[in-house]
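Visitor: only geometry, no sequence info:
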C-alpha cells in the first residue's frame, strides 16, 4: 500500500498514455460515481422514511433521541457518498 499507483488522470496531458488504460479508468470512475449516486438516493429515501415515521409515530424524549441518532448516522452516510461522488466526478472531468 505504500506504492503510489499512477492513473492516467493523474499524469499530465503531455505524457503519453495508452487510450485503453484511459478507457478502463473512465469505466472505473463511472462505476464509482454510479454507486455513489445509488447510495445517495437510498440514504435520502431512508432519511425521508425516518422523518415521516418520527413525525407520525414517536413521542417522548427517548424515542426522539433514538430517531435523531439514526438521522445523524444517515446524514454521515450521505456526506460520505457525496464526497465519493464529487471525487469521481472530478476524475471523470479530467479524463
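Guide: Received the coordinates, thanks. Since the model is a prediction, treat every value here as computed from it, not as a measurement.

Visitor: Which residue lies nearest the spatial centre of the protein?
Guide: Geometric centre of the chain, nearest residue: residue 81, 2.1 Å, by Cα atoms, centre = their mean.

Visitor: pretty sure residue 70 is touching residue 51, no?
Guide: No - between residue 70 and residue 51 there is no contact under Cβ atoms under 8 Å: 10.1 Å. Backbone N, C-alpha and C define where each C-beta goes, glycine included.

Visitor: Check which helix or strand residue 75 maps to.
Guide: helix 61-94 (DSSP states H and E).

Visitor: Give me the distance from that helix to the chain's centre.
Guide: Remark: helix 61-94 is offset 8 Å from the chain centroid, using Cα atoms, centre = their mean, to the nearest Å.

Visitor: Run through the neighbouring helices and strands of that helix.
Guide: If you count contacts as 3 or more Cβ pairs under 8 Å, 6 or more residues apart in numbering; DSSP states H and E, helix 61-94 packs onto helix 19-57.

Visitor: Let me know the average pLDDT across the helix it packs on.
Guide: In this model, helix 19-57 has a mean pLDDT of 94.

Visitor: which ones are touching the closest residue to residue 40 other than its chain neighbours?
Guide: Spatial nearest neighbour of residue 40, chain neighbours left out: residue 81 (4.7 Å); criterion: Cβ to Cβ, 6 or more residues apart in numbering. The neighbourhood of residue 81, defined by Cβ atoms under 8 Å, 6 or more residues apart in numbering, consists of 36-37, 39-40, 43.
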